[in-house]
Structures are given as structure tokens and as C-alpha cells.
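Colleague: sequence first, predicted model second:
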Amino acid sequence: MCYYIIMSETRSEDKNKIDFLAIGDTVIAAVGNAANAAISAARLGLNTAIVTNLGEDRDGEDCMAEFKKNSVKTDFVKINPGHKTNYHYVLWYGAERTILIKHENYEYSLPDVGSPKWIYFSSVNEKAFPFHYKIADYLEAHPEINFAFQPGKFEIKLGYEKMERFYKRAQMFFCNVEEAEKILDMESIGERHRNPKDLIKGLLQRIHDLGPKTVVITDGPNGAYAYDGKDFLFLPIYPDPKPPYSRTGAGDAFSSTTVAATALGKGLPEALAWAGINSMAVVQKVGANVGLLSQEKIAEYLKNAPENYKATKI
């Protein structure tokens with residue numbers, strides 16, 4: 001899986017200027033949190049690159065080819081002799097899935113990535129915890145960089161105290177309802193709450209109090225919520241053209257598209273609307289990034305969207 005992404009506010013006219021740089025572990029077929037996000041940003045028109053570790057094997061070659069096919073620059077990809085490329089198993093039942101994860105123990109390092117505008121950090125191998133400090137140090141040394149944080153299972157397991165620097169630094173933060181409850185050490189909402197919107201507003205406020213300037217919480221087929229310190233927003237799902245085929249990659253699509261749209265100058269309500277459409281498109285395909293859309297395709301869906309498909313204050 002992959003770690004974080006760096007973007008500029010608008011697409012750079014200089015083809016050598018990176019708008020979107022993903023850093024993290026990649027799984028075969030060029031998937032994983034940051035790989036999915038990098039491909040998402042590239043398809044939305046941002047100049048994109050990825051910093052990641054691959055094994056010196058055929059699977060690594062296939063990942064490189066997939067990145068290049070999707071216009072993701074591979075200048076910062078590190079090939080690790082004697083290691084395999086990460087290989088995860090997905091147990092798939094209906095539209096739901098469970099992912100069995102096993103990371104290779106690469107030697108993690110942060111290359112000189114220049115002066116990007118945005119960094120988006122998602123997840124890292126739990127045996128590479130010191131790498132978190134390198135990321136946090138880099139962010140603190142570059143206060144001009146905007147930071148988006150989508151914690152993985154390991155970051156959530158570590159708890160707020162060990163990850164405090166990331167929460168306090170984040171301009172944008174993403175998780176789902178279940179993850180928010182774990183972060184805040186709360187019991188599951190389950191079926192016990194008659195007004196989930198009020199409860200999720202509470203989750204948004206409490207995570208916002210931890211430091212992030214804008215918090216986005218997804219609730220699967222029930223929609224998504226956001227809070228920027230001023231307004232609470234709710235976005236319903238974009239209607240599925242047919243039943244979802246696989247939900248793998250839906251969360252990555254939503255979070256990365258929100259940040260990418262923001263990088264392209266969109267306000268939060270419109271960025272969320274883009275994200276819901278891209279997430280809908282991903283669940284119609286097998287593969288975490290196969291269904292990711294271009295700006296033009298998203299514009300078509302927006303044009304034909306139901307009247308109630310918009311982020312509204314709650």
C-alpha cells in the first residue's frame with residue numbers, strides 16, 4: 001500500500017513540475033492507497049509522480065508499466081534487490097471484501113521531492129514506524145506545503161498521541177465512520193443511534209478538535225460528511241447505474257478526488273461532488289483504480305446528476 005501524495009493548487013504548465021506526488025508501498029497491479037490516489041490525480045489532469053518501493057521481480061515491472069500507462073511519473077520509484085513486490089489477497093463476497101495484507105520489509109527512505117504544494121499521507125508498513133518521523137519532519141521543515149491525511153489501520157492503531165504531529169498539521173483529513181470511532185475510542189454506532197447525522201457531526205467536531213482544518217467522514221452507501229470549522233456538510237451518494245461490483249478502492253477514490261479537486265481550485269462542496277462520482281465509478285469495476293474518471297467524464301455525470309446530488313449544510 002502507499003503513503004502520501006503531493007500536489008499543487010492548479011495544474012502546472014511546466015511538465016517537469018510535479019502537481020501530485022504519491023509516496024508509499026505499492027501492491028501488484030499498481031494498487032494500494034497512494035498508487036490508487038496517484039492514478040486518480042493523473043486521470044484528473046494533474047502532473048503526477050509516485051515515490052514507492054517495488055521488488056526486483058516481474059510484478060515490480062508490471063507495476064512500473066501500469067504507472068507509466070496512467071501517466072504517473074516513476075522517477076522516485078525504488079527497486080529493492082532481494083525483495084518481492086507486495087502481494088495482498090482480497091477475499092471477495094458480493095460487493096464486499098476483506099484484504100489480507102503482508103508487507104515486504106523494505107528500507108524506507110524519503111528522497112528529495114523538491115517543493116510540492118500538497119502532501120497526502122495514507123498508510124505505511126507497521127514495521128517502518130520511524131519513517132513517519134521523516135515525513136513529519138519534512139512537513140515541519142516545509143510549512144508552505146498543504147497536508148492531507150488519510151490514516152491507515154496502523155496509523156489508527158498507533159493512536160492520537162503518537163500521530164499528533166500529523167493531525168495538527170493536516171489541512172484535510174479523511175476516514176470512514178468506523179475508523180472515526182476507533183480514533184476517538186468510541187463504541188460503534190451500529191443500529192443504536194436514531195439520528196446518525198447528529199452523531200457523525202459529533203465525530204467531525206471531535207476530530208476537528210484534534211487539529212485538522214477540514215474533516216471528511218464517509219459512511220458507505222449512506223453518503224459522506226464534512227466539516228471545515230464553519231459548516232457541516234452532507235453529500236448523498238451518486239446513484240449507482242447498476243449494483244456495485246466491488247467496493248475496493250472506493251475510499252481512496254473519494255479522498256484523493258476531494259484533494260485533487262481542491263488542488264484544481266474547487267471549493268469543498270464541489271470537490272465532494274466530484275469525489276462521490278469517482279467513488280461510484282470505481283465500485284462498478286473490478287480493481288481499485290480501473291474505474292477512475294477524467295474531469296470530462298465527471299462533468300458529464302454532474303450534468304446529469306439528480307437535483308439532490310449536492311453537498312448541503314446540515
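Modeller: Ah, there it is.
Colleague: from now on I want contacts and neighbour counts done on CA atoms only, so please keep to that.
Modeller: OK.
Colleague: pull the contacting residues for the closest residue to residue 236 other than its chain neighbours.
Modeller: Nearest residue to residue 236 in three dimensions, chain neighbours excluded: residue 223, at 4.3 Å (C-alpha to C-alpha, 6 or more residues apart in numbering). Residues in contact with residue 223 (C-alpha atoms under 8 Å, 6 or more residues apart in numbering) are 234, 235, 236, 237.
Colleague: show the pLDDT at the closest residue to residue 100 other than its chain neighbours.
Modeller: In space, not counting the residues next to it along the chain, residue 100 is nearest to residue 89; the distance is 5.0 Å by C-alpha to C-alpha, 6+ apart. With respect to pLDDT, residue 89 scores 72.
Colleague: how much space between residue 89 and residue 64?
Modeller: Per C-alpha to C-alpha, to the nearest Å, residue 89 is found 20 Å from residue 64.
Colleague: over to residue 173?
Modeller: Remark: distance between residue 173 and residue 64 (C-alpha to C-alpha) = 29 Å.
Colleague: looking at these two, which is more packed in?
Modeller: residue 173 (30 against 19; other C-alpha atoms under 10 Å).
Colleague: just to revisit the earlier point, now the phi/psi pair for the residue nearest to residue 236, please.
Modeller: Backbone torsions of residue 223, given as degrees, to the nearest 10, read phi 110, psi -160.
Colleague: now do stretch 220-233, average pLDDT.
Modeller: 97.
Colleague: and it, end to end?
Modeller: Span of stretch 220-233 from end to end, C-alpha to C-alpha: 16 Å.
Colleague: that one: how far from the chain's middle?
Modeller: In this view, stretch 220-233 has its centroid 16 Å away from the chain centroid, taken as C-alpha atoms, centre = their mean, to the nearest Å.
Colleague: buried sites along it?
Modeller: Residues of stretch 220-233 classed as buried: 224, 225, 226, 227, 228, 232, 233 (neighbour count, 16 or more other C-alpha atoms under 10 Å).
Colleague: also stretch 148-163?
Modeller: So for stretch 148-163, counting by 16+ other C-alpha under 10 Å, buried means 148, 149, 150, 151, 152, 155, 156, 163.
Colleague: so residue 41 touches residue 254, yeah?
Modeller: No. When contacts are counted by C-alpha atoms under 8 Å, residue 41 is not listed as touching residue 254 (11.4 Å).
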